[in-house]
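S.K.: could you work out the structure for the sequence below:
(chains A and B)
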Amino acid sequence: MILGIETSCDETAAAVVREGREILSSVVASQIPIHSPYGGVVPELASREHLRNILPVVRAALEQAGVGYQDLAAIAVTQGPGLAGALLVGISFAKSLAFAIEKPLIAVNHLEGHIHAVLLEEARRQVNASDLLPEGRPPARPALLALVVSGGHTHLYLAEARQSEAGEPVWSYRNVGRTVDDAAGEAFDKVAKLLGLGYPGGPWIDALAPQGDPEAVPFTFAQIKAKAHRKGEPGALDPATATYFSYSGIKTAVLRYTHVHEMEASIETRRAALAGLPNPTPADALPLCDRRTLDLIASFQRSVVDDLRRKTFRAAEQFGVDRVLVSGGVAANRELRVRFTAEAAERNLVIAFPSLSLSTDNAAMIAAAAWPRLAAGDFASDGLTAEPSLVLGGAPR
Amino acid sequence: MRQTAQMRTHQFESHSGADTIAVGHRVAELLVPPKFLILRGDLGAGKTTLVKGIAEALEAADPDEVTSPTFTLVHEYEGTRAVDGRREPVMLYHLDLYRIQNERQLHSLGLEELSSPDSIVLVEWGEKFPSVVKRSQGEIEMRTTGGDSRSITLRLGDRG
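M.R.: Next up, the predicted model:
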């Protein structure tokens, strides 16, 4: 079994996963009351917070799994992308621990982790890859298309597993899409904020959207022209086949809509009313939203979800894949799940999402992604360091 | 940053995203490292778009490679700038303190470590923090002047 450690951004997390599929424990700092003065509500942006959390979180993960350090086969840690100081806390801790208990260290890309959040659950259900194919159809190709969509990322990857000589899967990734400005989750956060709702914005918008008319406000997305990139850039996309997302414009469009319809006063009233509650929820916000606001929320969510859906399935068709998976915090969005599932059924494709607890940042996905590397003996060097701009599917490491 | 008589002001107008990128090119020429500037403007004012232009001018990134740092807090780009017919290395840092709530969180980000002699640091929402304002050598202010139009003002202090 592998101990996974993740500190790339807001969350300090540790998990113990057996054979890449069985989660023995998965601990996220914000979910346990270890920093009582703040009650876990302050996001752990700061490396200092990670530093304070890391040991209790790792101990809790081992305790909950009922294992000791010597039961571990390896330690896995997120190398990037993320915030340098935050990553460094996890990496330094993992390196020292691996050295002290004489176990190998495996470096994992955070985005690869998100993909494995889904694969690990498929493996846990003991499904063979072939069972995941629509009935009676041979796989067009053994690849799958992964949409990783969160507050910090909006990426499309082609992920492909080849069998190693030892019979273990060896995964490779190709980046085939990304945002040119804001991540989709960031648009949810910022629109929620400018409408006087809570943070993170996704769950608020998701909860309120069914109360509005998703076709009330038409939003349009500009066509993004692919530009030729400098050759040899790590992570450069092939402009001929790349998918580009853009969610900065819709944020501005929502802002403009609130100005044109003079919604400022009602937004301020809502913001103040929610700020006066100890633990405000979307249910508290509902009576504070008029029809126009609910329609705006519903239309915004529909537009973003549909843009993600259209582009993702267009890419699936372009690359001839049979399987699509969606991971990251925005994968928890209910309308996204419903509309992606419907389109997949229509196109006779298999679609998979992680369970809600594995959608957001966690360490189980890091331990799961590391499992095939353990078999392959793909270990980190002593010089492992944080890579804040690490790309997935770029130049081989 | 104090408003002093020595403050140099450069004023630009933009009527589109493409204009804002072009303004970024002109702003980049006026920024001699080291620079630590606040980049202010409301949500949707075009702050990231302006940085796209600055990064392109510094040969640090293509415009569509410059994305919002709101979630990740810091993006860094390695570029070059023309000095006496040669190109000198420059580090462009694009920060966003939108998610930072207090000086305590800010302190642990280690802003002081970004001040190498060849750095240009642009800090969104830096005006929220007195320590950042005190440290800054000027600001770039973006205002919406109706529709897609923006007025962009670069103010450089005497230390700049």
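
S.K.: where does the prediction get shaky in chain B?
M.R.: With pLDDT under 70 as the threshold, chain B has low-confidence stretches at B:1-5, B:108, B:158-160.

S.K.: tell me where it has strands.
M.R.: B:8-14, B:35-40, B:74-83, B:86-96, B:119-124, B:138-144, B:150-156 (DSSP state E).

S.K.: per-residue pLDDT, the closest residue to A:D361 other than its chain neighbours?
M.R.: Nearest residue to A:D361 in three dimensions, chain neighbours excluded: A:E11, at 4.5 Å (C-beta to C-beta, 6 or more residues apart in numbering or on different chains). The way it works is simple: take the backbone N, C-alpha and C, and place the C-beta from them, glycine included. A:E11 carries a pLDDT value of 88.

S.K.: surely A:L72 is in contact with A:M1?
M.R.: Yes: assessed by C-beta atoms under 8 Å, A:L72 is found in contact with A:M1 at 6.1 Å.

S.K.: okay, and the common contacts of the two?
M.R.: Residues touching both A:L72 and A:M1 (C-beta atoms under 8 Å, 6 or more residues apart in numbering or on different chains) are A:V16.

S.K.: between the strands of chain B, which one is nearest to A:L145?
M.R.: Judged by C-beta to C-beta, the one of the strands of chain B that comes nearest to A:L145 is strand B:74-83, at 26.4 Å.

S.K.: tell me the buried residues in that closest one?
M.R.: For strand B:74-83, the neighbour count (16 or more other C-beta atoms under 10 Å in any protein chain shown) marks B:74-77, B:79, B:81 as buried.

S.K.: format the strands of chain B as TSV; extra columns: distance to A:N362.
M.R.: Converted to TSV, those look like this (distance: least, C-beta to C-beta, whole Å):
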stretch	distance to A:N362
strand B:8-14	42
strand B:35-40	33
strand B:74-83	23
strand B:86-96	24
strand B:119-124	29
strand B:138-144	37
strand B:150-156	40
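
S.K.: ok, which of these comes nearest chain A?
M.R.: Taking C-beta to the nearest C-beta, strand B:74-83 is the member of the strands of chain B nearest to chain A, at 6.7 Å.

S.K.: the closest one versus strand B:86-96: what angle between them?
M.R.: If you take axes from the mean of the first three to the mean of the last three C-alpha atoms, to 10 degrees, strand B:74-83 sits at 160 degrees to strand B:86-96.

S.K.: partner strands of strand B:74-83 and their direction?
M.R.: According to DSSP bridges, strand B:74-83 forms sheet pairs with strand B:86-96 (antiparallel).

S.K.: render the CA-only coordinates of the strand it pairs with in PDB, please.
M.R.: Presented in PDB, the C-alpha positions along strand B:86-96 are these (Å, rounded to 0.1, in the frame of the first residue of the first chain):
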ATOM      1  CA  ARG B  86      20.600  43.100 -26.600                       C
ATOM      2  CA  ARG B  87      17.900  41.000 -24.900                       C
ATOM      3  CA  GLU B  88      18.300  40.800 -21.100                       C
ATOM      4  CA  PRO B  89      16.500  38.200 -19.000                       C
ATOM      5  CA  VAL B  90      13.400  39.300 -17.000                       C
ATOM      6  CA  MET B  91      11.100  37.400 -14.700                       C
ATOM      7  CA  LEU B  92       7.500  38.400 -14.800                       C
ATOM      8  CA  TYR B  93       5.400  37.500 -11.800                       C
ATOM      9  CA  HIS B  94       1.600  37.800 -12.000                       C
ATOM     10  CA  LEU B  95       0.000  37.600  -8.500                       C
ATOM     11  CA  ASP B  96      -3.600  37.700  -7.500                       C
END
